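test case, fold it:
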Amino acid sequence: MESDMEIFSEADASTQKLRMLQMGRPIDDREDKNGRRRTKDVEVYVPIVCGSIAFYLGKKATEYRTHKWTVYVRGATNEDLGVVIKRVIFHLHPSFKNPTRVVDSPPFALSECGWGEFKIDITVFLHTDVCEKKLELSHFLRLNPDNEYGPVPKSITIPVVTESYNEIVFPDPFESFLARVHNHPAVHISDLPHGFNLPLSGVAEIYHQMKNGDTKDHPLSQWFLKFSEAVELFKLTAARQKVQADIAKLERRLIIVDGQPEGESSSGYEY
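A predicted model of the protein is given here:
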């Protein structure tokens, strides 16, 4: 993230493409039982981010309420996902009261207080003309910052941010869905077939309504991580360089050990 403050964060460096198929229908069918037509040889993909932000409560902390946290599903560029997502269900730890939490409108986020880290299962329901299949995600809620050198002191001003980036891919989308999301900033569409014309009625009105769910002005948006192909490539390159450096270091150690006279350890002391 572009900031002069240190942020304790963890991000998935690999892009996951979640390919969605129309449940129970082969994608080479041009029309379904409701008369909806698909657009052949076209793909729609939607970048999404699943994440959480946790603040330590400091002096306000109690035995069972040490952190305030928010878990969410957001657009990778903070655009409104309501044009694609209808509902999100967050499945919390059973120790929470009413652990199954339903969010019916964007922004798709949930805030709570607690003391423990745990896996949150997330069920994403899409609009019926997007895909009949629901999307199952999972996110591990992290409250405490760590790095390779050990635990990091807790801070009441700098949160622990954990996010992962995914792309939902819709092959051969319905024409109604394609028309609704055409030119929507949260949605990417492959090249349309030559001579194909999209119906445009109602698109501007629907988009105007959907813009109300973006997260650009969300109170936590300053902590959101930025995802891009350049950033992902940089992370992969840095990880590869670190692995190569570790391998070279181990090889040097092996050479030193193999070169020791018999009866001596690598530290130079006799057994």
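
what helices or strands is the longest strand along the chain leaning on?
Determined from DSSP state E, the single longest strand within the chain is strand 43-56. Applying 3 or more Cβ pairs under 8 Å, 6 or more residues apart in numbering; DSSP states H and E, one finds that strand 43-56 contacts strand 67-75, strand 135-141, strand 160-171, helix 175-181, strand 188-189. The C-beta positions use only the backbone N, C-alpha and C, and glycine is treated the same way.

partners of that strand in the sheet?
With DSSP bridges as the test, strand 43-56 is paired with strand 67-75 (antiparallel), strand 160-171 (antiparallel), strand 188-189 (antiparallel).

flag the shaky bits of the protein, pLDDT-wise.
Applying pLDDT under 70 to the chain flags residues 1-35, 147-152, 193-237, 258-271.

can you give me the helices in this protein?
Here the chain has its helices, by DSSP state H, at 175-181, 203-210, 229-258.

list the helices and strands the first one packs on?
By that I understand helix 175-181. By 3+ Cβ pairs under 8 Å, 6+ apart, helix 175-181 packs against strand 43-56, helix 203-210.

I figured Arg37 hits Asp172, correct?
No. Assessed by Cβ atoms under 8 Å, Arg37 is found out of contact with Asp172, at 10.0 Å.

who's more crowded, the two?
Asp172 (20 against 13; other Cβ atoms under 10 Å).

that one against Lys40, yeah?
Yes. In this structure, Asp172 is within contact of Lys40 by Cβ under 8 Å, at 5.7 Å.

sorry, back to before: between the longest strand of the chain and strand 135-141, how many degrees?
Strand 43-56 and strand 135-141 meet at an angle of 20 degrees, taking axes from the mean of the first three to the mean of the last three Cα atoms, to 10 degrees as the criterion.

so for strand 43-56, what gets flagged as buried?
44-56 (16 or more other Cβ atoms under 10 Å).

may I have it as CSV, with CA atoms only?
This file holds the C-alpha atoms of strand 43-56, laid out as CSV (Å, rounded to 0.1, in the frame of the first residue of the first chain):
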residue,chain,number,x,y,z
GLU,A,43,-15.7,-14.3,-20.8
VAL,A,44,-16.6,-11.9,-18.0
TYR,A,45,-14.3,-11.7,-15.1
VAL,A,46,-14.7,-9.8,-11.8
PRO,A,47,-11.6,-9.1,-9.6
ILE,A,48,-12.6,-9.4,-5.9
VAL,A,49,-10.8,-9.2,-2.6
CYS,A,50,-11.6,-11.1,0.5
GLY,A,51,-10.1,-9.7,3.7
SER,A,52,-10.2,-8.5,7.2
ILE,A,53,-8.9,-5.6,9.3
ALA,A,54,-8.4,-6.0,13.0
PHE,A,55,-7.7,-3.2,15.6
TYR,A,56,-6.3,-3.9,19.0
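
apart from its neighbours in sequence, what residue is nearest Glu163?
Leaving aside its sequence neighbours, Glu163 sits nearest to Gly51 (Cβ to Cβ, 6 or more residues apart in numbering; 3.3 Å).

for that neighbour, what are its contacts?
The contact partners of Gly51, by Cβ atoms under 8 Å, 6 or more residues apart in numbering, come to Val71, Tyr72, Arg74, His139, Val161, Thr162, Glu163, Ser164, Phe224, Leu225.

for Glu163, name its beta-bridge partners.
The partner residues for Glu163, given DSSP bridges, come to Ala11, Gly51.

surely it and Cys50 touch.
Yes. Using Cβ under 8 Å, Glu163 makes contact with Cys50 at a distance of 7.0 Å.

I figured Phe107 hits Gly75, correct?
Not Phe; residue 107 is Pro. No. Using Cβ under 8 Å, Pro107 makes no contact with Gly75, being 9.1 Å away.
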